[in-house]
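Enquirer: One predicted model, sequence on top.
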Amino acid sequence: MANPEESLPPTVEVDRREPSGSNKYRRSIFSVPVTVTVSIGQARLSVSEILELRTESVVPLTSRIDDPVDLTIDNKVIARGELVETDDGCLGVKITEIPEQAQDAIG
């Protein structure tokens, strides 16, 4: 019986350590910082409601605490996840889904 992996088409892998000029360019973009935004909900307030905000005010959002959140870069959803508490008590996002369009954009 033939090995199933032998019948698969070859994949192209880029070795990040390859010293070629084109790969040097590819490697340089890996260190470019981007801002990832996590959207947890929205609120629609009137100007008067905004002006009334004080310390300790609570602004109700359109989502619940256990609803999925979107991770976006430049207003494009790159992943979805759920809010979790990290070991140091901070808030984090556990990735639960990477939309197909985001995978296509990544390559």
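Expert: Thanks, I have the structure now.

Enquirer: alpha carbons only for contacts and neighbour counts from here, please
Expert: Will do.

Enquirer: Roughly how far does the closest residue to residue 79 other than its chain neighbours sit from residue 78?
Expert: Residue nearest to residue 79 in three dimensions, not counting chain neighbours: residue 98, with 4.4 Å by CA to CA, 6 or more residues apart in numbering. From residue 98 across to residue 78, the span is 6 Å (CA to CA, to the nearest Å).

Enquirer: Settle it for me: which of these two has more neighbours?
Expert: residue 78 (21 against 15; other CA atoms under 10 Å).

Enquirer: Output the contacting helices and strands for the strand or helix carrying that one.
Expert: Per DSSP states H and E: residue 78 is located in strand 76-85. Judged by 3 or more CA pairs under 8 Å, 6 or more residues apart in numbering; DSSP states H and E, the packing partners of strand 76-85 are strand 69-73, strand 91-97, helix 100-106.

Enquirer: 6 Å instead, please
Expert: Packed against strand 76-85 by the contact rule (3 or more CA pairs under 6 Å, 6 or more residues apart in numbering; DSSP states H and E) you find strand 69-73, strand 91-97.

Enquirer: Figure out which of those is closest to residue 57.
Expert: strand 91-97 (20.8 Å; CA to CA).

Enquirer: count of residues packed around residue 71?
Expert: 20.

Enquirer: Check what pLDDT the residue nearest to residue 79 gets.
Expert: Residue 98 carries a pLDDT value of 95.

Enquirer: One more: residue 46?
Expert: Value listed for residue 46 in the pLDDT field: 97.

Enquirer: quick one, what contacts it?
Expert: With contact set as CA atoms under 6 Å, 6 or more residues apart in numbering, residue 46 has no partners.

Enquirer: Just the buried positions in the strand holding residue 78, please.
Expert: By neighbour count on 16 or more other CA atoms under 10 Å, the buried set for strand 76-85 is 77-83.

Enquirer: Go ahead and name everything in contact with that strand.
Expert: 68-72, 91-98, 102.

Enquirer: hmm, 10 Å instead?
Expert: Strand 76-85 has contacts (CA atoms under 10 Å, 6 or more residues apart in numbering) with 36-40, 65-73, 90-103, 105-106.
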